[in-house]
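> fold the stuff below for me.
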Amino acid sequence: MSDIRVLLVDDHAMMRAGFRTILSLQDDIDVVGEAANGAEAVSAASALHPDVICMDVQMPGMDGLEATRRIVSDPSVEAAVLIVTTFDRDDYLFQALSAGASGFLLKNAGPEELVSAVRVVAGGDALLAPEVTRRVIARFAGPDAEPAIAAAPTPHPAIATLTERETEVLRLMAEALSNAEIASRLYIGDATVKTHVSNVLQKLGARDRVQAVVIAHRHGLA
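Numbering: from 1, shown residues only. Below is the predicted model:
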């Protein structure tokens, strides 16, 4: 398998250097570039074709949230965005996920957590711990849901099109299980899980696992 190509985005050069040192020690990760603000990140994402973008939030000029929106909406860029921030703030978390980020990590996490997070989002999983998932569901699926999420495609007809196995996979996704954990729970291969997850997202019209989990909670599947 090819190395995971990573773009580092942070306005502090020392922070980028620290991340580069940690990630470059891994045999399967290649840091292909750096950016100091959101505008540079958008350009670098298009030019360097990374698999994962480690994105800070607070930066001069264009911030990480706006950069994430632009990157995710660009069909020529297939990178997963991992938000890495100092601030454990719900508004950052919710805005990042609404913008299309695949994960949310605090900068006080250990080096092994950063490495794991990069691998998780590169593999197509969302980096959402169970406690974070509960915060997301409470905000997005409750009566006061964010307008951006409330506007997600209505999944009523699509729920009925899921196979029994796909429904089971969706329930486990809603428990914040990774693909590997779902495979272990169902005694099936990782590749089979990825196929089921892809089918679930396509049938539900969900942009990512977060939207799929919200849909599952809205319709009593979790």
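> the bottom helix or strand of the protein by mean pLDDT?
Scoring the helices and strands of the chain by mean pLDDT, DSSP states H and E places helix 147-150 at the bottom, with a mean of 44.
> quick one: mean pLDDT for whichever helix or strand comes after it?
Using DSSP states H and E, the helix or strand that follows helix 147-150 in sequence is helix 156-159. Helix 156-159 comes out with an average pLDDT of 72.
> where does helix 156-159 sit relative to the chain's centre, distance-wise?
24 Å (C-alpha atoms, centre = their mean, to the nearest Å).
> buried sites along it?
A158, I159 (16 or more other C-beta atoms under 10 Å). Placement of C-beta: from N, CA and C, glycine included.
> A80 contacts V121, correct?
Yes. Judged on C-beta atoms under 8 Å, A80 makes contact with V121 at a distance of 4.2 Å.
> where do the contact lists of those two overlap?
V52, S102, G103 (C-beta atoms under 8 Å, 6 or more residues apart in numbering).
> out of those residues, who's nearest H196?
Of all those, H196 sits closest to S102, with 18.3 Å by C-beta to C-beta.
> so the closest one touches A122, yeah?
No. Using C-beta under 8 Å, S102 is not in contact with A122, being 9.1 Å away.
> residues in contact with the longest helix belonging to the chain?
Of all segments of type helix in the chain, defined using DSSP state H, the longest is helix 190-204. Contacts with helix 190-204, where a contact means C-beta under 8 Å, 6+ apart, come from 124, 153, 155, 158-159, 161-163, 165-166, 169-170, 173, 179-180, 182-183, 186, 206-209, 211-212, 215.
> please repeat the previous calculation with a cut-off of 7 Å.
Here helix 190-204 makes contact (C-beta atoms under 7 Å, 6 or more residues apart in numbering) with 124, 155, 158, 161-162, 165-166, 169-170, 173, 179-180, 182-183, 212, 215.
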